[in-house]
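Enquirer: Starting from these lines, generate the structure:
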Amino acid sequence: MNKKYLMPGLALLVAGSIALSLFVGRFFVPFELILQILWVKITGGVMTLPQTYQSVILEIRLPRALLGALVGAALAASGAAFQSLFHNPLVSPGILGVTAGAGFGAALSIVTFNSTEYTYAFAFVFGILAVIFSYVVGRIYDTTTSITLVLGGVIVSAMFSALLSTLKFIADPYNQLPTIVFWLMGSLAAARRDVLLSGGIPMMIGMFGLLLLRWRINILSMGDKEAGALGLNVKLYKSLLILFATLATAGAVCVSGIVGWVGLIIPHVGRMLVGNDNRFLMPVSMLLGAAFMVVVDILARSASSSELPLGIITALLGGPFFVYLLKKTKGRNW
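Expert: Okay, here's the model as predicted:
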């Protein structure tokens, strides 16, 4: 596919999905009023429209759409980076334990404080800690190979999953446990400007770092020995890649909960469009992930009378679509 037109086309797709999300919701806002609100906001004019309509569009739907786009882009970029680093098409952003750690941190916050006030901070911190533990375990032989890193991630994920199960067992079954379960299934319902800022900063830093490293990811994907023979500081750039991918994933998970499949299937769609070259795959994955997550959130808000968790929809869409990708590509991308 012509990359000259692909990027602008995907950017328009993201913009279109965000625009569509402003018009979809349980609270009806007339089409012309939405356009007026956006026009006055863009031009800096005086807002004379009803405050309720302004709040719905500018304080709820727009931040939610922007947060969804950031979450989708961050998870897709992290998935693409880790799949290249570990030479494995089944790798997802949670391979080093960040999602398991974030889930435990969120549950710990809910059980300890009996509220979601500190959930974002606890989820982010424990997500980072989980990756650090995985890295430490992966260096058990004073070296950090892809295999030992993955094994470290499996071990740490299992430990945090066990701790999470313990918290679910001791949590109040009427208040705390439902909150934990709903958080783990993923949602953007709490999206506001402050949430967009707190989660957006680490996601933007992580994605920007991965974009800067995207041509070096091509070299790392050749293997440690080959990359070292080409003069690349393997230890440094592998650590930077893990750092930026972890920041992006932890920032996404702490504000949206655990949303699976995005970081697994979106990079494969990108490879079908531009191949394995991360110079193009990384930005394409980000744009595809952003559009996909916004559309999923629209479905979550409108598919039923009550909002569906994002994780349910991504699994229902991702599973069959991944089977289609396997049939379509026949493993040619790997």
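Enquirer: mind checking the SS state of Leu232?
Expert: Classification of Leu232 by DSSP: H, G, I helix; E, B strand; the rest coil places it in coil.
Enquirer: Surely it is in contact with Arg216?
Expert: Yes. If you go by CB atoms under 8 Å, Leu232 and Arg216 touch, sitting 6.5 Å apart. To be clear about C-beta, it is placed using only N, CA and C from the backbone, and glycine gets the same treatment.
Enquirer: So which residues of the stretch 151-300 of the chain form helices?
Expert: Using DSSP state H, counting those that start in this stretch, the helices found in the stretch 151-300 of the chain span residues 176-185, 193-212, 214-220, 224-229, 234-256, 262-274, 278-302.
Enquirer: So what touches the next helix or strand after the last one?
Expert: On the C-terminal side of helix 278-302, the closest following helix or strand by DSSP states H and E is helix 310-329. Contacts of helix 310-329 with the rest of the structure, by CB atoms under 8 Å, 6 or more residues apart in numbering, involve 184-188, 256-262, 264-265, 268-269, 271-272, 293, 296-297, 299-300, 303.
Enquirer: what mean pLDDT does helix 310-329 have?
Expert: Helix 310-329 carries an average pLDDT of 85.
Enquirer: Return the set of buried residues in it.
Expert: For helix 310-329, burial by neighbour count (16 or more other CB atoms under 10 Å) applies to 310-315, 317-318, 321-322, 325.
Enquirer: and that helix with helix 278-302, angle?
Expert: If you take axes from the mean of the first three to the mean of the last three CA atoms, to 10 degrees, helix 310-329 sits at 130 degrees to helix 278-302.
Enquirer: May I have helix 310-329 as CSV, with CA atoms only?
Expert: In CSV, the C-alpha atoms belonging to helix 310-329 read as follows (Å, rounded to 0.1, in the frame of the first residue of the first chain):
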residue,chain,number,x,y,z
LEU,A,310,-14.1,-2.5,27.1
GLY,A,311,-12.3,-5.8,27.7
ILE,A,312,-15.4,-7.8,26.7
ILE,A,313,-15.8,-6.0,23.4
THR,A,314,-12.1,-6.2,22.5
ALA,A,315,-12.1,-9.9,23.2
LEU,A,316,-15.2,-10.6,21.2
LEU,A,317,-13.8,-8.6,18.3
GLY,A,318,-10.1,-9.6,18.7
GLY,A,319,-10.5,-13.3,18.9
PRO,A,320,-12.3,-13.9,15.6
PHE,A,321,-10.3,-11.2,13.9
PHE,A,322,-7.0,-12.8,15.0
VAL,A,323,-8.2,-16.1,13.4
TYR,A,324,-8.9,-14.2,10.2
LEU,A,325,-5.4,-12.6,10.3
LEU,A,326,-3.8,-16.0,10.7
LYS,A,327,-5.8,-17.3,7.7
LYS,A,328,-5.1,-14.2,5.7
THR,A,329,-1.3,-14.0,6.3
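Enquirer: got the contact list for Val40?
Expert: Contacts of Val40 (CB under 8 Å, 6+ apart): 46-47, 49.
Enquirer: What values do phi and psi take at the residue nearest to the spatial centre of the chain?
Expert: In the chain, the C-alpha closest to the average C-alpha coordinate belongs to Leu75, at a distance of 2.9 Å (CA atoms, centre = their mean). Here is the backbone geometry of Leu75 (degrees, to the nearest 10): phi -70, psi -40.
Enquirer: now the angle from whichever helix or strand Ala19 is part of to helix 278-302?
Expert: Using DSSP H and E, the element containing Ala19 is helix 3-22. Counting by the same axes, to 10 degrees, helix 3-22 lies at 20 degrees to helix 278-302.
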